[in-house]
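Visitor: have a look at this fold, sequence not included:
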């Protein structure tokens with residue numbers, strides 16, 4: 001290395017730039033736990049609201065509505081209302097949503113494949129922490 005060549009110039013994006021805000025907005029949507037979960041569920045085909053709610057478990061009706069509306073707004077989910085009595089509404093991934101599904105599907109598979117390991121690790125950690133509290 002020659003001492004006079006130690007300066008390296010790399011242009012870093014300005015965190016306040018429009019590009020960073022736009023990317024941050026997209027990552028906030030696709031990184032949200034409910035959005036990921038719903039995208040994985042819809043990867044197997046269209047589903048009705050009540051079916052999604054039942055499969056997700058632990059999500060309130062309001063949160064599911066807001067999440068689906070956000071996914072629809074971002075072009076990831078298509079909402080189709082059928083003129084029946086009672087009204088029927090299906091949600092399905094758009095082409096863009098399917099590309100997200102392809103990206104998060106391995107994450108879901110990893111989580112399912114490692115849930116036992118994570119559960120054991122949590123139990124061991126909690127036991128260690130609780131033992132430390134008792135010893136004090």
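Guide: Sure, I can see it. Since the structure is predicted, the reported quantities are computational estimates derived from the model, not experimental observations.
Visitor: from here on, contacts and neighbour counts on C-alpha atoms
Guide: Will do.
Visitor: ok, residue 65 - contacts?
Guide: Listed by CA atoms under 8 Å, 6 or more residues apart in numbering, residue 65 has no contact partners.
Visitor: can you classify it by secondary structure?
Guide: Three-state call for residue 65 (DSSP: H, G, I helix; E, B strand; the rest coil): helix.
Visitor: could you report the pLDDT at it?
Guide: Note on residue 65: pLDDT of 95.
Visitor: now do residue 129
Guide: For residue 129, pLDDT reads 87.
Visitor: next, the distance between the ends of stretch 55-66.
Guide: One end of stretch 55-66 to the other measures 17 Å (CA to CA, to the nearest Å).
Visitor: try stretch 73-86
Guide: From its first residue to its last, stretch 73-86 covers 25 Å (CA to CA).
Visitor: just for the chain, where's the confidence low?
Guide: Applying pLDDT under 70 to the chain flags the ranges 1-18, 135-136.
Visitor: and with 90 instead?
Guide: Under the criterion pLDDT under 90, the flagged ranges of the chain are 1-33, 36-37, 40, 57, 86-88, 103-109, 111-112, 128-136.
Visitor: strands of that one, start to end?
Guide: 47-48, 77-82, 88-93 (DSSP state E).
Visitor: what is the burial count for the residue nearest to residue 91 when sequence neighbours are not counted?
Guide: Excluding its sequence neighbours, the residue lying closest to residue 91 (CA to CA, 6 or more residues apart in numbering) is residue 79, at 4.7 Å. Residue 79 has 19 neighbours, counted by other CA atoms under 10 Å.
Visitor: over to residue 99?
Guide: 14.
Visitor: kindly report the same for residue 33.
Guide: By the criterion of other CA under 10 Å, residue 33 has 12 neighbours.
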